[in-house]
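[1] Sequence first, then the predicted structure:
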Amino acid sequence: MMDGWITRRFVLALLTRRSYRTTITIPFLFNLSSTMASLEKDADGFYTPVVAPAPVIISADAATESGDKKPGVNSDLIDSTFEVTVTLADQQVDPNSPLYSVKTFEELGLHQDLLKGIYDMGFSKPSKIQERALPLLLSNPPTNMIGQSQSGTGKTAAFVLTMLSRVDFTINKPQALCLAPSRELARQIMSVVTAMGKFTNVQTEYAIKDNLPRNATQITAHIIVGTPGTMADLMRRRVIDLSEIKVFVLDEADNMLDQDGLGDQTLRVKNMLPRTHPVQIILFSATFPDHVRAYSSKFAPSANKIELQKEELSVDSIRQFYMDCKNAEHKYDILVSLYQLLTIGQSIIFCQHRHTADRISARMTAEGHKVASLHGAKDASERDSIIDRFREGRDKVLITTNVIARGIDILQVNMVVNYDLPLMNERDKSADERPDVETYIHRIGTSPPNRLTTGRTGRFGRKGISINFVHDKKTWLQMEQIEKALGKKIIRIETNDLDEMEEKMKKALK
Ligand SMILES: Nc1ncnc2c1ncn2[C@@H]1O[C@H](COP(=O)(O)OP(=O)(O)OP(=O)(O)O)[C@@H](O)[C@H]1O
């Protein structure tokens with residue numbers, strides 16, 4: 001299913017392409033209408049529209065900034081063509097107030113220890129989304145936030161900074177909770193918490209499987225990052241004292257709220273939050289399909305909304321290829337023949353099933369290739385060491401399932417292979433064989449290498465390519481649907497001409 005929002009953006013982008021390149025701003029009428037009407041789930045589980053107040057929409061300019069770069073830092077993140085749309089919850093306030101935009105971290109009035117942490121991470125100034133999101137996230141009284149921007153635009157840093165700045169370090173109780181869809185992503189987020197909080201006294205704890213002893217009685221850490229099932233369990237057993245919780249963050253929020261996926265667990269966590277005082281709810285994701293978008297407004301009521309969109313979304317796109325394999329077995333042969341290319345940088349191979357990932361990795365290993373496989377059936381410590389080895393570059397090829405399709409930030413990854421295309425039925429265990437376009441976007445990203453970052457490939461202006469394997473009419477049609485939804489041609493590469501294949505790919509990676 002394609003997010004209509006992205007399709008509309010695409011059409012709009014085509015119509016207004018010149019404007020995007022200038023400082024002219026374009027109010028997003030489509031978004032206006034989608035935020036004005038939210039949906040409510042009725043007893044049968046269907047969504048019906050309820051009318052919400054019209055938002056005030058302000059747009060930041062779309063100018064590309066120049067100069068003021070700190071060499072060696074992720075400057076693409078800072079200097080990018082962009083469009084930010086802010087929808088303020090409080091319609092009485094002046095949306096053009098400079099209070100709602102900052103150009104430096106100093107303007108945010110952060111504690112010196114936090115500023116030190118930020119600079120120590122090499123950040124010289126806020127990214128585009130941070131410029132607009134941070135003043136809103138940090139303002140008092142705390143207001144909920146629903147934020148959407150592509151992978152790698154600085155969302156994690158924004159919500160981590162919010163959690164850290166709201167913690168009272170003199171109180172040894174949990175004060176911020178953050179949920180992510182996988183332990184790998186929770187660990188990645190925690191690494192940002194510890195890096196940014198390096199000069200503070202922040203205490204942290206994981207709420208991920210097998211991290212705490214079963215008989216753990218009390219967590220006193222200030223910030224807890226985890227996955228929804230384990231977080232809910234620790235809350236239910238009162239291992240987490242909730243009395244001082246001030247912030248509740250969902251990363252990859254659309255995934256976390258999806259009724260067919262983690263939605264129930266996430267809701268359980270939310271329902272256990274204290275009602276004695278307000279808790280700031282922060283939702284961030286790169287994608288918000290329409291049905292989740294509506295639900296998210298109920299989950300985080302009266303939220304400020306912020307969206308950042310790069311002009312290239314779905315228009316130019318990352319280099320995407322497909323290979324027409326003869327049958328399922330031929331996919332394996334092709335993958336093996338790609339091995340040299342896969343190890344130029346690092347690669348992630350996505351499969352539909354855990355057993356496929358294991359089978360391919362066992363066969364490739366037996367044939368002398370060095371690959372690793374990671375999926376949800378592996379035990380916790382094994383998962384940690386596999387992703388750590390991959391992060392450190394000790395393994396170059398990772399064969400996996402959708403478990404790490406979202407949010408994993410590994411700079412060296414420049415190739416993604418969709419050994420199996422992502423399908424809707426992987427999300428909801430249904431018989432729905434339509435392609436899952438959101439997951440596809442998360443797996444590979446969809447913009448060209450010159451955007452600030454993409455999904456797993458091409459982050460920070462590095463080049464990246466994706467290759468889709470199709471092997472019959474059904475898979476070909478599924479890929480065609482993805483192609484149509486993204487509005488970008490996926491180029492065929494012959495599977496019988498290895499030299500041409502290598503040449504094309506090397507050229508794409510240059
Ligand atoms: N202000 C900044 N200046 C420089 N680098 C930054 C800044 N903010 C974030 N980064 C870096 O940019 C990269 C992407 O940021 P971050 O992980 O916060 O993005 P994201 O939008 O959360 O991505 P994803 O959707 O994939 O989780 C990280 O390596 C981070 O350290």
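    Done, it's in.
[2] When you work out contacts or count neighbours from here on, use the C-alpha atoms and nothing else.
    Fine.
[3] For residue 203, which residues are in contact?
    By C-alpha atoms under 8 Å, 6 or more residues apart in numbering, the residues touching residue 203 are 220, 221, 222, 223.
[4] So which of those residues sit within strands?
    residue 223 (DSSP state E).
[5] isn't there a strand covering residue 399?
    Yes - assigned with DSSP: H, G, I helix; E, B strand; the rest coil, residue 399 falls within a strand.
[6] Am I right that residue 344 falls within a helix?
    No - the assignment for residue 344, made by three-state DSSP, is coil rather than a helix.
[7] Model confidence score at it, please.
    At residue 344, the pLDDT value in this model is 84.
[8] tell me which element the most centrally placed residue in the chain is part of?
    Centrality entry for the chain: nearest residue to the mean C-alpha point is residue 407, 4.1 Å, by C-alpha atoms, centre = their mean. Here residue 407 sits in a region with no helix or strand, counting by DSSP states H and E.
[9] sorry, back to before: TSV for the contacts of residue 203, including pLDDT and distance to residue 348?
    Converted to TSV, those look like this (pLDDT from 0 to 100; distance: C-alpha to C-alpha, whole Å):
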residue	pLDDT	distance to residue 348
220	94	37
221	97	34
222	98	34
223	98	31
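[10] for the contacts of residue 203, which one is nearest the ligand?
    residue 223 (17.2 Å; C-alpha to the nearest ligand atom).
[11] count of residues packed around residue 381?
    Around residue 381 there are 11 other residues, counting by other C-alpha atoms under 10 Å.
[12] what does residue 340 give?
    When neighbours are counted by other C-alpha under 10 Å, residue 340 registers 12.
[13] Contact distance from the ligand - what residues of the stretch 301-450 of the chain qualify?
    Proximity of the stretch 301-450 of the chain to the ligand (C-alpha under 6 Å from any ligand atom) is limited to residues 407, 409.
[14] Name the residue of the stretch 301-450 of the chain with the shortest distance to the ligand.
    residue 407 (4.0 Å).
[15] Now the nearest residue to that residue once chain neighbours are set aside. Its backbone dihedrals?
    Nearest non-adjacent residue to residue 407, counting by C-alpha to C-alpha, 6 or more residues apart in numbering: residue 185, 6.3 Å away. With angles defined as degrees, to the nearest 10, residue 185 sits at phi -70, psi -40.
[16] Dump the contacts of residue 203 to TSV, plus distance to residue 373 and neighbour count.
    Output for the contacts of residue 203, formatted as TSV (distance: C-alpha to C-alpha, whole Å; neighbours: other C-alpha atoms under 10 Å):
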residue	distance to residue 373	neighbour count
220	35	18
221	33	20
222	34	26
223	30	26
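[17] I'd guessed residue 129 sits against residue 150; true?
    No - applying C-alpha atoms under 8 Å, one finds residue 129 not in contact with residue 150, separated by 9.8 Å.
[18] and for the two, which residues touch both?
    The contact lists of residue 129 and residue 150 share residue 308, where a contact means C-alpha under 8 Å, 6+ apart.
[19] Can you tell me which residues in the stretch 51-200 of the chain are near the ligand?
    For the stretch 51-200 of the chain, the contact set with the ligand under C-alpha under 6 Å from any ligand atom comprises 73-74, 123-127, 150-157.
[20] what's the most distant pair in these?
    124 and 150 (20.5 Å; C-alpha to C-alpha).
[21] So those two - more neighbours on which side?
    A count of neighbours by other C-alpha under 10 Å puts residue 150 above the other of residue 124 and residue 150, at 27 against 19.
[22] my guess is that one contacts residue 284, does it?
    No - using C-alpha under 8 Å, residue 150 makes no contact with residue 284, being 10.0 Å away.
[23] hang on, residue 303 packs against residue 297?
    Yes - with contact defined as C-alpha under 8 Å, residue 303 and residue 297 form a contacting pair (7.2 Å).
[24] Quick check: neighbours shared by these two?
    residue 146.
[25] ok, now which ones touch residue 406?
    For residue 406, the residues meeting the contact criterion (C-alpha under 8 Å, 6+ apart) are 185, 252, 439, 442, 443, 455.
[26] Where is pLDDT lowest across those?
    Out of the contacts of residue 406, that is residue 455, at 46.
[27] SS state for residue 308?
    Secondary structure, three-state DSSP: residue 308 is strand.
[28] Spatially nearest residue to it (excluding sequence neighbours)?
    residue 84 (4.4 Å).
[29] quick one, phi/psi of that neighbour?
    The phi/psi pair for residue 84 (degrees, to the nearest 10) reads phi -110, psi 130.
[30] Settle this for me: it is touching residue 129, isn't it.
    Yes - between residue 84 and residue 129 there is a contact under C-alpha under 8 Å: 7.1 Å.
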